[in-house]
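[1] Build me a structure from this.
(chains A and B)
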There are 2 protein chains.
Amino acid sequence: MTDPALKPWMSEHRRPRVVIIGGGFGGLYAARALKRADVELTVLDRTNHHLFQPLLYQVATATLAPTDITAPIRWLLRRQRNTTVLMLEVERVDPARRVVTTENGREIPYDYLIVAAGARHSYFGHPEWETIAPGLKSIDDAIRLRQRILGAFERAELEDDPAERAAWLTFVIVGGGPTGTELAGMIPTIATHSLPRDFRRIAHETARVILLEGGPTVLPSYPSALSEHARLDLMNLGVDVRTGALVTRVERGLVQVDDGETIRSNTVIWAAGNAASPLGRSLGVAVDRVGRVPVSPDLSVPGHPELFVVGDMATISTKGKPVPGVAPAAMQMGAHAARNIRRDLEQRPRAPFVYRNKGDLATIGRHRAIADFGRLQVTGGLAWWFWLLVHIMYLAGFRNRLSVLMEWAYSYFTYDRGARLITRGEKAGGG
Amino acid sequence: MTDPALKPWMSEHRRPRVVIIGGGFGGLYAARALKRADVELTVLDRTNHHLFQPLLYQVATATLAPTDITAPIRWLLRRQRNTTVLMLEVERVDPARRVVTTENGREIPYDYLIVAAGARHSYFGHPEWETIAPGLKSIDDAIRLRQRILGAFERAELEDDPAERAAWLTFVIVGGGPTGTELAGMIPTIATHSLPRDFRRIAHETARVILLEGGPTVLPSYPSALSEHARLDLMNLGVDVRTGALVTRVERGLVQVDDGETIRSNTVIWAAGNAASPLGRSLGVAVDRVGRVPVSPDLSVPGHPELFVVGDMATISTKGKPVPGVAPAAMQMGAHAARNIRRDLEQRPRAPFVYRNKGDLATIGRHRAIADFGRLQVTGGLAWWFWLLVHIMYLAGFRNRLSVLMEWAYSYFTYDRGARLITRGEKAGGG
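    Got it, this is the predicted structure:
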């Protein structure tokens, strides 16, 4: 691993070039861990911002504004004098030549590369479902979903045909993981509390939220007592939770489930299934079914000690358990890969990655959550306060923290939604 | 004007139907003035939000977030039990049949109609300039401009060719009215204070801002002493102010002025010239050169006492002076048209509209403004505080006021820009 042939910068008497692809949790924490390293660091991202993904569903449901949960990557790294941030989309990696190719054919050479390009949705072989049932990964996705959810109430208000009005007031969420559960928990609050004062023609008690989960339980990664608690919380909010319900067909205006039932809905949201960034396939190694790259214990790609893959793009087991595709895992992997590069530079042996699960948290609607800290399991209002505290703590940048706290206080006390913006612009980027 | 043939609702024993097209200043103030009227009021807008247009340039320059200066129209009118808000784009008006036709061919009949659909940019017969030199009227425009301005610095950071880098760091604003002046005053602050810490490769002192005004002075609607003051303020900020400079050609990457000079710039912003909404032409009356409808003293269209046109779409002189196309005039006209409808219902004679100019304010960059209150003229820091107070007072909805004040305090003390979001999404609506 410390083969001198791998270290051209030594003979060339220059600082090693480290390139990070992606400014999400993995990439950002990798960059931060290299703050004081004697390297020339370049961070590449297709957008200019880091996104606090765990709160994306709150933008989709109009509680937070897009700028509340985003911060410019170059602003977050502004104090790192060894770091250059470039807004460029990466097209492929050439591990043999040690070059990253970006849009416009620009080539960026590296001595070390950390790939942290994340994941997109997977439609299980039905990519045509995407336009009908959009998912929630980027800030653009969240703005689009916000337009769809708010727009559905606007369309229902206009509609004279009762069946069509019901289709506009039926929200189907496919997938009972954290994103699906959190979205499903927010929509009833909008329908029953935030909007009724403002609409004249639609009866809000008729809005339906249906959560379809293919497996036997929602939030399957949690202990079964907590999953069951979340299911009851959702049902108390009025959500129609259906487990063991596989989606077999999605068309404009309808969703078909494997029991044969057809649900008429004009707002279907996809929260089931991820696929790793296609960049993984350009690395020239075998990837798993969902496109993830199997990495060595030090997080490098086997046969390429200078090439690391972290976050949702990587697959690895530590302590006999697969590392989950969650934000804390991406942060820990990013920082670990960076520390292994520092160990190389300091001629110390690399360390294997061990995932430390500090606890899992999921919120269900307003004032309810579940928290799993291993031996300690918490539900209800206390878990919700935990959730709030942890998210505010991790939110990047002081300014956003304050703004988010204010928006939450506002929605909490008024039941109102602050960020209810629908535009007609088809060409504007996310705002 | 009170011809009973004009009042079908009387014989039909129903409340008169009032329709308002547009939820901007004219439409919103008209709707509010009808709060307690015994009418059935419908407000139509293509978006779901009222926009506080005077602060739009602050979204374009990343100080405020889109949701700070927008509020759902139905939320603003939620306490008016006689009011229905529908998110629909209007295609035409048929004054003979008294019907408004919207998208999807829906027809909405009216007894009274207030048209307040505002204005768009005008490119003086060069519509092909629009994609190169976008304007600033809607929240989508502002988000697009923000992407362009922030994106220009990102592109400059990437650029190796010095000429091309200079073109990315040259910002040309066409038009020296309030929007052009306010935009021109903000960009130097971004370039010299907000961004330098975050970028590595570009020298910020080389960013150029050029303001091109065809007439002899910037802010031509102000007394000449104030216009001159504004020009000096802009020059002190480093803006290259060129008066008597007519644009003769706009192409990707360049602007040509009538003195023959060609300016290389990749960011050209259009703030010259307005054209009224094309809806005016569907009313079947003669419109002026820029599409505005000449209205009677009561703000109705001659020959159509049930049809009012207000705001930027109308042209009228009061006290021998043309009413300017500014927000206070639209507010006053909207409220006045509504009060004339109430006078009809109460069998009282209509009143002629008189524009009351409470003063004009324009801000130039940070901490400078000019204010014209007729006999009293104020410049500098004091005028800026006036400006701040007035804008906060008028900003619709308490929640936005507080949020905007916080954003301003943040930018003011830190020189930072809170809302620096660039996305890649071409399909997302404004955020």
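[2] When you work out contacts or count neighbours from here on, use the C-alpha atoms and nothing else.
    OK.
[3] Confirm A:P305 sits in a helix?
    No. A:P305: not assigned to a helix; according to DSSP: H, G, I helix; E, B strand; the rest coil it is strand.
[4] So which residues of the stretch 201-350 of chain A form strands?
    A:208-212, A:240-242, A:247-251, A:254-257, A:262-264, A:267-270, A:274-276, A:293-294, A:300-301, A:304-309, A:314-315, A:317-318, A:321-322 (DSSP state E, counting those that start in this stretch).
[5] So for chain B, which of these sits nearest?
    Chain B lies closest, by C-alpha to the nearest C-alpha, to one member of the strands of the stretch 201-350 of chain A: strand A:267-270, at 15.8 Å.
[6] wait, isn't A:A30 in contact with A:I341?
    No. A:A30 is not in contact with A:I341 according to C-alpha atoms under 8 Å; the separation is 10.0 Å.
[7] Dump the strands of the stretch 201-350 of chain A to a markdown table, plus mean neighbour count and distance to chain B.
    Converted to a markdown table, the strands of the stretch 201-350 of chain A look like this (neighbours: other C-alpha atoms under 10 Å in any protein chain shown; distance: least, C-alpha to the nearest C-alpha, whole Å):
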| stretch | mean neighbour count | distance to chain B |
| --- | --- | --- |
| strand A:208-212 | 24 | 22 |
| strand A:240-242 | 19 | 29 |
| strand A:247-251 | 16 | 20 |
| strand A:254-257 | 18 | 22 |
| strand A:262-264 | 18 | 22 |
| strand A:267-270 | 26 | 16 |
| strand A:274-276 | 21 | 19 |
| strand A:293-294 | 24 | 26 |
| strand A:300-301 | 21 | 29 |
| strand A:304-309 | 23 | 24 |
| strand A:314-315 | 26 | 24 |
| strand A:317-318 | 14 | 34 |
| strand A:321-322 | 10 | 32 |
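[8] Now do the contacts for the residue most central in space within chain A.
    Most central in chain A under C-alpha atoms, centre = their mean is A:Q53, positioned 4.4 Å from the mean C-alpha point. The contact partners of A:Q53, by C-alpha atoms under 8 Å, 6 or more residues apart in numbering or on different chains, come to A:69, A:137-138, A:327.
[9] For the residues you listed, which single residue is the most surrounded?
    A:I69 (25 neighbours; other C-alpha atoms under 10 Å in any protein chain shown).
[10] so what's that residue scoring on pLDDT?
    The model reports A:I69 with a pLDDT of 88.
[11] try A:N357
    Looking at A:N357, the pLDDT reads 88.
[12] now the strands of the stretch 201-350 of chain A in CSV, with mean pLDDT?
    Output for the strands of the stretch 201-350 of chain A, formatted as CSV (pLDDT from 0 to 100):
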stretch, mean pLDDT
strand A:208-212, 96
strand A:240-242, 96
strand A:247-251, 95
strand A:254-257, 96
strand A:262-264, 96
strand A:267-270, 96
strand A:274-276, 91
strand A:293-294, 97
strand A:300-301, 97
strand A:304-309, 96
strand A:314-315, 96
strand A:317-318, 92
strand A:321-322, 92
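[13] Determine which of the ones you listed approaches A:G22 most closely.
    In terms of C-alpha to C-alpha, the element of those nearest to A:G22 is strand A:304-309, at 10.9 Å.
[14] partners of the closest one, with directions?
    As defined by DSSP bridges, the strand partners of strand A:304-309 come to strand A:112-115 (parallel), strand A:300-301 (antiparallel).
[15] following the longest one, which helix or strand shows up next?
    Per DSSP states H and E, the first helix or strand lying C-terminal to strand A:112-115 is strand A:119-121.
[16] Now do that next one: which elements does it pack against?
    Other elements packing on strand A:119-121 under the criterion 3 or more C-alpha pairs under 8 Å, 6 or more residues apart in numbering or on different chains; DSSP states H and E are strand A:274-276.
[17] Quickly run through the sheet partners of the strand it packs on, with directions.
    For strand A:274-276, the paired strands and their directions (DSSP bridges) are strand A:119-121 (antiparallel).
[18] what's the next secondary structure element after the partner strand?
    Using DSSP H and E, the helix or strand that follows strand A:119-121 in sequence is helix A:139-158.
[19] Now do the phi/psi pair for A:A96.
    Phi and psi for A:A96, reported as degrees, to the nearest 10, are phi -70, psi -50.
[20] Report the separation between it and A:D111.
    Distance from A:A96 to A:D111, counting by C-alpha to C-alpha, to the nearest Å: 11 Å.
[21] circling back: in terms of pLDDT, where does the residue nearest to the centre of chain A sit?
    pLDDT for A:Q53: 89.
[22] same thing with A:G273?
    pLDDT recorded at A:G273 is 83.
[23] got it, and the one 5 residues further on?
    The pLDDT attached to A:P278 in the predicted structure is 93.
[24] Same question for the one 5 residues further on.
    At A:L283, the model reports a pLDDT of 93.
[25] Correct me if wrong: it contacts A:V93.
    Yes. Shown here, A:L283 and A:V93 form a contact pair, counting by C-alpha under 8 Å, at 6.1 Å.
[26] Which one's more surrounded, these two?
    Using other C-alpha under 10 Å, the more surrounded residue of A:L283 and A:V93 is A:V93, with 23 against 20.
[27] Just give the number of residues close to the residue of the stretch 151-300 of chain A found nearest chain B.
    In the stretch 151-300 of chain A, no residue comes nearer to chain B than A:D198, which is 4.8 Å away by C-alpha to the nearest C-alpha. Other residues lying near A:D198 total 20 when counted by other C-alpha under 10 Å.
[28] number of nearby residues for the closest residue to it other than its chain neighbours?
    Nearest non-adjacent residue to A:D198, counting by C-alpha to C-alpha, 6 or more residues apart in numbering or on different chains: B:R78, 4.8 Å away. With neighbours defined by other C-alpha under 10 Å, the count for B:R78 comes to 19.
[29] pLDDT at A:A203, what is it?
    On pLDDT, A:A203 comes in at 67.
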